[in-house]
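J.: Any chance you can model this:
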Amino acid sequence: MLLGSTTTPPSSPNTEQLVIQLMMQNRNAEAYELLINQNPKTTASLYNQALCLHWSGNYQDALQRLESIQPERKTMMEQKPNSDHLNAAIRKKQNLTDDYLNVITEGFTTNFPVSVQDAVIRLKTDCWLQLGEFSKVITIATPIEHKRYKNIDDALKIAREKN
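T.: Have a look, this model is predicted:
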C-alpha cells in the first residue's frame with residue numbers, strides 16, 4: 001500500500017498488534033484510525049475504540065461503542081470461583097487497579113469473557129460518572145459491586161452521595 005493511499009487494509013493479527021503498540025504509546029489517534037477501518041467490528045475493536053474516545057474525553061461516543069458490544073452467552077454465567085488461593089490473591093490485588101483502561105485483544109475476549117464483560121461495565125460506569133449521570137452509575141455498577149473493583153466502589157460512593 002502506498003503512503004497516503006485510501007484503500008482500507010483488511011483486519012489482521014498484525015493490525016491488532018499495531019493497535020496494541022500504538023495505544024501503549026498513547027498514540028490513540030493513530031490507533032483509532034486503524035480501529036474504525038477494521039472489518040468486521042469485533043468486541044476488541046469496539047472496546048479499544050471506546051478506550052480511545054474515553055481517553056479524549058468523548059464519553060458519549062465511547063458509550064455508543066460499548067453499547068454495540070454484545071455479551072457472549074458464556075458471560076451470562078457467573079465465573080466459577082477459583083480454588084487456587086494464589087490466583088484469588090492476585091485477582092483481589094488486580095481489582096484495585098485500572099486494568100479496564102488497557103487495550104484488549106480478541107484472544108483476551110475469547111479466553112476471559114467474564115473479565116471483558118466486567119471491563120465494559122467498568123468503562124461504562126466511568127463514562128456515566130464523568131457525564132454526571134449518577135442514577136445510571138448506580139444502575140450499571142451495582143450488579144458487579146460484590147467483585148470489589150476499586151473504580152466501581154469509588155463511583156458508587158460518589159453516585160450515592162450525589163443522587
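
J.: okay, now residue 124: neighbour count?
T.: Other residues lying near residue 124 total 23 when counted by other Cβ atoms under 10 Å. Every C-beta, even on glycine, is put in place using the N, C-alpha and C of the backbone.

J.: ugh, wrong one, residue 27
T.: Neighbourhood size, residue 27 [other Cβ under 10 Å]: 15.

J.: how close does it sit to residue 163?
T.: 37 Å (Cβ to Cβ, to the nearest Å).

J.: Just checking, which helix or strand succeeds the helix or strand that contains residue 110 along the chain?
T.: Using DSSP states H and E, residue 110 maps to helix 106-111. Downstream of helix 106-111, the next assigned helix or strand under DSSP H and E is helix 113-130.

J.: What is that following helix packed up against?
T.: Counting contacts by 3 or more Cβ pairs under 8 Å, 6 or more residues apart in numbering; DSSP states H and E, helix 113-130 packs against helix 43-55, helix 59-67, helix 73-76, helix 106-111, helix 134-141, helix 150-162.

J.: Could you list the buried residues of the second one?
T.: Buried residues in helix 59-67, defined by neighbour count with 16 or more other Cβ atoms under 10 Å: 59, 62, 63, 65, 66.

J.: right, and the second one touches residue 46 too?
T.: When you say that, I think you mean residue 62. No - the criterion here is Cβ atoms under 8 Å, and residue 62 misses it with residue 46 at 10.2 Å.

J.: Quick check: closest non-adjacent residue to residue 148.
T.: residue 95 (5.5 Å; Cβ to Cβ, 6 or more residues apart in numbering).

J.: for residue 56, same thing?
T.: Leaving aside its sequence neighbours, residue 56 sits nearest to residue 28 (Cβ to Cβ, 6+ apart; 6.9 Å).

J.: count of residues packed around that neighbour?
T.: Count around residue 28 with other Cβ under 10 Å applied: 20.

J.: ok, now residue 70?
T.: 9.

J.: Against residue 63, how distant is it?
T.: Computed with Cβ to Cβ, the distance linking residue 70 and residue 63 is 15 Å.
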